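Trainee: have a look at this fold, sequence not included:
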Ligand SMILES: [Zn+2]
């Protein structure tokens with residue numbers, strides 16, 4: 001029987017702008033909030049599974065915890081908190097960011113894999129795949145998979161599309177190169193995760209209250225609808241401005257924020 005699979009999308013875990021790693025005012029979740037979220041999942045009977053695993057549980061409560069980009073806090077902050085609780089997560093790593101300042105080193109990527117965490121791909125350069133021609137698209141998808149496999153000694157089966165953006169062309173290319181589980185950033189509960197090959201994710205953002213987190217995981221109450229509407233509203237400027245224009249606008253708005 002197929003039961004819903006909430007997939008949580010994190011980036012870095014940072015107490016503040018001076019924390020190690022690359023702080024983002026929207027996506028950097030405070031380590032204390034992350035800890036409270038993990039404990040909420042455990043209290044409510046959720047069992048964590050890897051992004052490409054489809055392990056059934058007796059009462060159907062499963063959750064996939066994912067991290068994008070490969071911030072150094074994935075190892076230094078997230079890993080110990082996960083291990084203390086016997087939980088697993090999937091780290092979607094942009095291969096071209098490995099060994100850059102604030103990001104995971106090659107050795108740290110291997111450590112995450114050796115600790116039983118799943119390593120998935122997140123492009124080579126983090127270019128938005130829709131902006132690339134076919135040859136550049138194939139190179140992004142292939143090179144990142146090859147590099148991560150070499151670092152971990154394991155096959156890389158899952159991928160989160162950079163920016164969560166991709167249409168049928170990008171997904172077909174990824175499947176042709178061997179990715180079996182693809183993730184975007186459309187918010188949703190994944191009602192048929194064992195059948196769907198293109199999974200929705202719930203973005204966990206800085207300052208999110210625990211009750212909002214809980215209602216998104218359970219996909220109940222008014223919060224899910226609000227998050228969908230917010231996502232739709234944000235996809236308009238993306239469509240109108242293009243991916244690069246949208247990123248510039250986002251950077252300007254974040255700088256203007258108090
Ligand atoms: Zn990303």
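Mentor: Right, received. Where do you want to start? In this text the structure is predicted, and so the values were computed from the model without any measurement.

Trainee: number of nearby residues for the residue of the stretch 51-200 of the chain found nearest the ion?
Mentor: Proximity of the stretch 51-200 of the chain to the ion (CB to the ion) peaks at residue 68, 4.1 Å away. Where you see a C-beta, it was placed from the backbone N, CA and C, and this is true even at glycine. Using other CB atoms under 10 Å, residue 68 has 28 neighbouring residues.

Trainee: check residue 147 too.
Mentor: Counted with other CB under 10 Å, the neighbours of residue 147 add up to 19.

Trainee: again with residue 226
Mentor: A count of nearby residues for residue 226, using other CB under 10 Å, gives 14.

Trainee: I'd guess it is in a strand, am I close?
Mentor: No - counting by DSSP: H, G, I helix; E, B strand; the rest coil, residue 226 is located in no strand; its state is helix.

Trainee: check what pLDDT it gets.
Mentor: Each residue has a pLDDT score; the one for residue 226 is 87.

Trainee: what does residue 56 give?
Mentor: For residue 56, the model assigns a pLDDT of 68.

Trainee: now the one 4 residues further on
Mentor: Model confidence at residue 60, expressed as pLDDT, equals 73.

Trainee: any idea which helix or strand carries it?
Mentor: Assigned by DSSP states H and E, residue 60 falls within no helix or strand.

Trainee: pull up the residues of the stretch 1-150 of the chain that are close to the ion.
Mentor: 68, 69 (CB under 5 Å from the ion).

Trainee: how about the strands in this protein?
Mentor: 7-10, 47-48, 62-69, 90-93, 118-121, 158-160, 181-183, 198-199, 202-203 (DSSP state E).

Trainee: on that earlier part again, wait, doesn't the residue of the stretch 51-200 of the chain closest to the ion sit right on residue 160?
Mentor: Yes - in this structure, residue 68 is within contact of residue 160 by CB atoms under 8 Å, at 5.6 Å.

Trainee: what's the overlap in contacts for the two?
Mentor: Residues touching both residue 68 and residue 160 (CB atoms under 8 Å, 6 or more residues apart in numbering) are 9, 92, 122.
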